[in-house]
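**Student:** Pasting the sequence and the predicted coordinates here, then a few questions.
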Amino acid sequence: RVNLKQKRYAVCSALAASAVPSLLMARGHHVESVPEVPLVLDDSSESITKTAKAVKLLQEIGAYADIEKVKASRNLRSGKGKMRNRRYVQRKGPLVVYANDSGITKAMRNIPGVELCSVDRLGLLTLAPGGHVGRFIIWTKSAFEKLDAIYGTSSVKSSAKKGWKPPTNIMAQSDLSRVINSDEIQSAIN
């Protein structure tokens, strides 16, 4: 059992880590050809109903290299799991987060490695599989805008999570040696 505040803190950390390209690459995602991270698509992408159109969209935004990585990673599982209907293992691909399902789940469910999730149902293991932060997330515009209402901001409390605010930075400058050697601190010490 994990405390509720710790769970929410972990989800916020996983969401923040998904916006750092170096963490995504360290996790093994191929995001070199993606124009920006976090990747936010127009709301019209929620109404795609055909897999061929979804694949074409992923190729246009440069996210298909990650799916090729997933396809190439399919291997036989070691151990007894092969006999227990868990025959193959494969890497994780991108997570597509949407606000309204107008057919996007049916369009993308058959693409290997792609997981879909509603913005209201985000969990820690979908955002950080295996406890490793840095999942490649493709957002729709309405889902990305809904995050502030669900999790709140540093100044506004969450409307969905009963007055919860995400953690704020205690230090504005994380480079401690730079802070200690600054003129303001040195003049106060001496």
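**Tutor:** Looks like it came in fine. What you see is a predicted model; the values in this text were computed from it and never measured. Numbers count the residues shown, from 1 in each chain.
**Student:** V114 and Y98 touch, don't they?
**Tutor:** No: counting by C-beta atoms under 8 Å, Y98 is not a contact partner of V114; they are 12.0 Å apart. Just so you know, the C-beta spots here come from the backbone N, C-alpha and C atoms, and that holds for glycine as well.
**Student:** now V55: how far from I111?
**Tutor:** Distance, V55 to I111, using C-beta to C-beta, to the nearest Å: 6 Å.
**Student:** can you count the residues close to I180?
**Tutor:** I180 sits with 10 neighbouring residues when counted by other C-beta atoms under 10 Å.
**Student:** can you give me the strands in this protein?
**Tutor:** Assigned by DSSP state E, the strands in the chain fall at 39-41, 75-76, 88-89, 95-98, 115-118, 137-140.
**Student:** Counting by contacts, list what the second one packs against.
**Tutor:** So the one you mean is strand 75-76. Packing partners of strand 75-76 (3 or more C-beta pairs under 8 Å, 6 or more residues apart in numbering; DSSP states H and E): strand 88-89.
**Student:** For the closest residue in space to A128 that isn't next to it in sequence, give me the pLDDT.
**Tutor:** Nearest residue to A128, sequence neighbours excluded (C-beta to C-beta, 6 or more residues apart in numbering): A14, at 4.2 Å. Looking at A14, its pLDDT is 95.
**Student:** Go through the lengthiest helix in the chain and flag the buried ones.
**Tutor:** Ranked by residue count under DSSP state H, the longest helix found in the chain is helix 4-17. For helix 4-17, the neighbour count (16 or more other C-beta atoms under 10 Å) marks R8, A10, V11, C12, S13, A14, L15, A17 as buried.
**Student:** check contacts around the fifth one.
**Tutor:** Right, S13. V133 (C-beta atoms under 8 Å, 6 or more residues apart in numbering).
**Student:** how about a cut-off of 10 Å?
**Tutor:** L124, L127, A128, V133, P166, P167 (C-beta atoms under 10 Å, 6 or more residues apart in numbering).
**Student:** which neighbours do V114 and Y98 share?
**Tutor:** Common neighbours of V114 and Y98 (C-beta under 10 Å, 6+ apart) are M108, I138.
**Student:** returning to that earlier point: please identify which of the buried residues of helix 4-17 is nearest to L39.
**Tutor:** Nearest to L39 among the buried residues of helix 4-17 is L15, at 13.7 Å by C-beta to C-beta.
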